[in-house]
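Student: Below are the sequence and a predicted model for it; my questions follow.
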Amino acid sequence: MNLRAVSTVFRRELGSYFNSPIAYVFLVAFVLIPNVLFMFFYEAQRQLSMRDYFGLLPFVFLFFVPAITMRLWSEERRAGSIEILLTLPVRVREAVLGKFLAAYAFLTIAICATFTIPVSMTMFGRPDWGPIIGAYLGAILMGGLFLALGAYISSLSTNQIVAFILSVSLSFMFILTGFYIVLRAVRGVWPFLADVFSYLSVLTHFGNIAKGVVDTSDVIYYVSFIILFLFLNVYAVQSRRYAG
């Protein structure tokens, strides 16, 4: 693994985000919407808690993260620039990792920008920082999983819209398996599958970390799926290189 090559791809991709006005629109929307949601929940309940906000965060990611990843490889394939990229002295796994890390850095910046919410909470009282920090850590890990999945899907299509729709659909499956009504229905027919569905859901692991308790199994869950989708991403791009 050539870290210099990874760094080159990383800087190129991250720079492309901030060279586009869409990135700034994304950041404003990603910061503004959570702040509005928090104020709505606070006015309704008068509680210094971000529980409801973090409860909706997986669904916010469901649309925002595919919007980041849909162009990662689809645009390269559509414009034909992927052929140029693959002829450079950069290995496929280095290109995949560099692109993923750039998208991850961009998303992490967006997530950290919403830290204005807990900071503003200190004006009204003393928030419980344990669950808040845990939830932010869980959000970054969950975002990584959705990013890796979206990047893989993007490598399979030349159409950004198709990549977006497929990423949303498959990401939703990682949420759907944790719904109480789904688990209850599965438990009634195949009890042993209910535990499998629960484990596969991001809601289960994000909920655990959001309580302020970082368990090794939850971290392993996210890291394992990130590595899996990055591996599939490498395989998809590598297959195209040989096919070309």
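Tutor: Received the coordinates, thanks.

Student: Can you tell me, leaving aside adjacent residues, what's nearest to Ile227?
Tutor: Nearest non-adjacent residue to Ile227, counting by CB to CB, 6 or more residues apart in numbering: Ala148, 8.0 Å away. Any C-beta I mention is one placed from the backbone N, CA and C, and that applies to glycine too.

Student: An error on my part: the question was meant for Met50.
Tutor: Ile132 (5.9 Å).

Student: next one: Asn233
Tutor: Per CB to CB, 6+ apart, closest to Asn233 is Tyr152, 4.4 Å.

Student: what residues are up against that neighbour?
Tutor: Neighbouring residues of Tyr152 by CB atoms under 8 Å, 6 or more residues apart in numbering: Phe229, Leu230, Leu232, Asn233, Ala236.

Student: Which of the helices or strands spans it?
Tutor: Tyr152 belongs to helix 129-154 when assigned by DSSP states H and E.

Student: Give the ChimeraX command for selecting the buried subset of the contacts of Tyr152.
Tutor: Selection of buried members from the contacts of Tyr152 for ChimeraX, criterion 16 or more other CB atoms under 10 Å:
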select :229,230,232,233,236
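
Student: closest to Val96 among the contacts of Tyr152?
Tutor: Asn233 (4.9 Å; CB to CB).

Student: residue ranges with poor pLDDT in this structure?
Tutor: Scanning the chain for pLDDT under 70 picks out 38, 41-49, 76-88, 125, 178-194, 197, 240-244.

Student: 90 instead, please
Tutor: Applying pLDDT under 90 to the chain picks out residues 1-64, 67-96, 98, 109-136, 155-160, 163, 170-219, 235-244.

Student: Spatially central residue in it, please.
Tutor: Nearest to the geometric centre of the chain sits Gly143, at 2.3 Å (CA atoms, centre = their mean).

Student: Identify the residue nearest it in space, chain neighbours excluded?
Tutor: Leu107 (4.9 Å).

Student: tell me the contacts of the one you found?
Tutor: Leu107 neighbours (CB under 8 Å, 6+ apart): Val65, Ile68, Ile140, Gly143, Leu147.

Student: element containing it, please.
Tutor: Per DSSP H and E: helix 92-113 holds Leu107.

Student: circling back to that earlier point, so what's the gap between the helix holding Tyr152 and the chain middle?
Tutor: 5 Å (CA atoms, centre = their mean, to the nearest Å).

Student: Return the angle between stretch directions for that helix and helix 92-113.
Tutor: 140 degrees (axes from the mean of the first three to the mean of the last three CA atoms, to 10 degrees).

Student: Which parts of helix 129-154 count as buried, going by neighbours?
Tutor: Quick answer for helix 129-154 (16+ other CB under 10 Å): 131-154.

Student: just stretch 199-207 next, same as before
Tutor: Using 16+ other CB under 10 Å as the test for burial, stretch 199-207 gives Leu200, Ser201, Val202, Leu203, Thr204, His205, Phe206, Gly207.

Student: if we can go back for a sec, is it true that the residue nearest to Ile227 touches Leu230?
Tutor: Yes. In this structure Ala148 lies within contact range of Leu230 using CB atoms under 8 Å: 5.4 Å.

Student: Appreciated, that's everything.
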